[in-house]
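> predicted structure and sequence below. I'll ask about it afterward.
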Amino acid sequence: MNKDRWVVKLGTGLLTKSNGEMDGGQIGLLIGQIAGLARRGIEVVLVSSGAISAGMTAIGLSERPKATSALQACATIGQIELMAEYQKHLRGHGLLGAQLLLTHANLDSRSCCRNATGTLEYLLAQKRFLPIINENDAIASDEIKVGDNDRLSAHVAALVHAGRLVILSSIDGLLTSLGPDGRVIPLVTSISDEIRALSQGTTSQRNVGGMATKLMAAEIAAAGGAETVIANGRAPGILAAIADGTATCTTFRLGRPAAED
Ligand code: GLU
């Protein structure tokens, strides 16, 4: 496990404005922060959602299509828009983005994993490329339905032996309650029934997942030896604050589960 290697997952809500358009300003800020981590010697693999949403905007849809093939078509169009935006900002920092599209089936295949790891290790070793991973939505209908870049990012963390998975969305972390009195729980060391009860799904037109998939991601990441941090990607300087240990966020330090016989 490499403590100076992070997987950073960006959720759709973070990358889009309230009218659904891609938020280039926000993407620029996040890329600036990732470049800042690189200068501190932290290697980053990015897992980015937002393809379906960007595709919806490009096609002119305000409502999320119901048909799987329509969602997949949105992803194929939006993925290009998304990567173009990332590349524009990365070039400004002397970096280049490198796209990998994965499915859960790929992650089940030893040879796919070996190839993906080899590619990622090569890219990271050059210190000037940012691997950007998304699900290959066009061929992965189940992933779209369960909406799972949270879990995908946890599998990626295990693949590259990352020490930390950082899931950034529009929430500050796991809250003690959903009302106005809700406070961020700073550290979770085991996922009890109580903790599970605090998670709930999302109902937005463009976002998927929610806290439930983030808890599952934390468990998968822990099995691979990584801790998981859930934080608000719109909080200024959040990635540096996480590196400094000063961020408002929830850290899941779960420890590896006991080996099964
Ligand atoms: N892969 C989907 C997209 O790029 C999102 C899935 C997710 O956010 O979990 O739009």
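Thanks, I have it. Numbers count the residues shown, from 1 in each chain.

> tell me which residues of the helix or strand encompassing N115 are tucked away?
Assigned by DSSP states H and E, N115 belongs to helix 110-125. Across helix 110-125, burial judged by 16 or more other C-beta atoms under 10 Å covers C113, A116, L120, L123, L124. Just so you know, the C-beta spots here come from the backbone N, C-alpha and C atoms, and that holds for glycine as well.

> columns distance to the ligand on top of these, output as TSV?
Below are the buried residues of helix 110-125 laid out as TSV (distance: C-beta to the nearest ligand atom, whole Å):
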residue	distance to the ligand
C113	19
A116	17
L120	18
L123	20
L124	22
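
> and those residues, which is closest to E194?
When the buried residues of helix 110-125 are ranked by distance to E194 (C-beta to C-beta), C113 comes first, at 34.8 Å.

> next one, pLDDT for that closest one please.
Per-residue confidence (pLDDT) for C113: 95.

> contacts only, for it.
For C113, the contact set (C-beta atoms under 8 Å, 6 or more residues apart in numbering) comprises N106, L107, L159.

> pull the number of nearby residues for the last one.
When you say that, I think you mean L159. 19 (other C-beta atoms under 10 Å).

> over to the first one?
By the measure other C-beta under 10 Å, the count of residues near N106 is 19.

> numbering from 537 from now on, please.
Yep, numbering from 537; the last one is N642 now.

> can you pull the contacts of R732?
Taking C-beta under 8 Å, 6+ apart, we find R732 in contact with L751.

> ditto for L636
Counting by C-beta under 8 Å, 6+ apart, L636 makes contact with A652, T655, L656, P667, I668, I669.

> quick revisit: mind listing what the helix or strand that the helix holding N651 is followed by pairs with, with the direction of each?
Per DSSP H and E, the first helix or strand lying C-terminal to helix 646-661 is strand 665-671. Its sheet considered, strand 665-671 pairs with strand 579-584 (parallel), strand 632-638 (parallel) by DSSP bridges.

> and the angle for the longest one with helix 646-661?
Using axes from the mean of the first three to the mean of the last three C-alpha atoms, to 10 degrees, one finds that strand 632-638 and helix 646-661 are set 170 degrees apart in direction.

> list the contacts of the helix or strand following strand 632-638.
Using DSSP H and E, the helix or strand that directly follows strand 632-638 along the chain is helix 640-644. In this structure, residues lying in contact with helix 640-644 by C-beta under 8 Å, 6+ apart are C648, C649, A652, N672, A676, D678, E679, L688, H691, L695.

> helix 640-644 and the ligand in contact?
No. Applying C-beta under 6 Å from any ligand atom, one finds helix 640-644 separated from the ligand by no less than 11.9 Å.

> alpha carbons of that helix, in CSV - could you do that?
The C-alpha coordinates for helix 640-644 follow below in CSV (Å, rounded to 0.1, in the frame of the first residue of the first chain):
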residue,chain,number,x,y,z
HIS,A,640,-17.0,-4.4,-13.3
ALA,A,641,-16.5,-7.3,-15.6
ASN,A,642,-13.0,-6.0,-16.5
LEU,A,643,-12.2,-5.9,-12.8
ASP,A,644,-13.2,-9.5,-12.4
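
> let me know which of the strands paired with strand 665-671 is tucked in deepest.
strand 579-584 (a mean of 24; mean count of other C-beta atoms under 10 Å).

> ok, then the element right after that strand?
Next in sequence after strand 579-584, counting helices and strands by DSSP H and E, comes helix 587-595.

> just the mean pLDDT for that next one, thanks.
Across helix 587-595, pLDDT averages out at 97.

> what is the following helix or strand past that helix packed up against?
Next helix or strand after helix 587-595 toward the C-terminus (DSSP H and E): helix 604-627. If you count contacts as 3 or more C-beta pairs under 8 Å, 6 or more residues apart in numbering; DSSP states H and E, helix 604-627 packs onto helix 560-575, strand 579-584, helix 587-595, strand 632-638, strand 665-671, helix 677-682.
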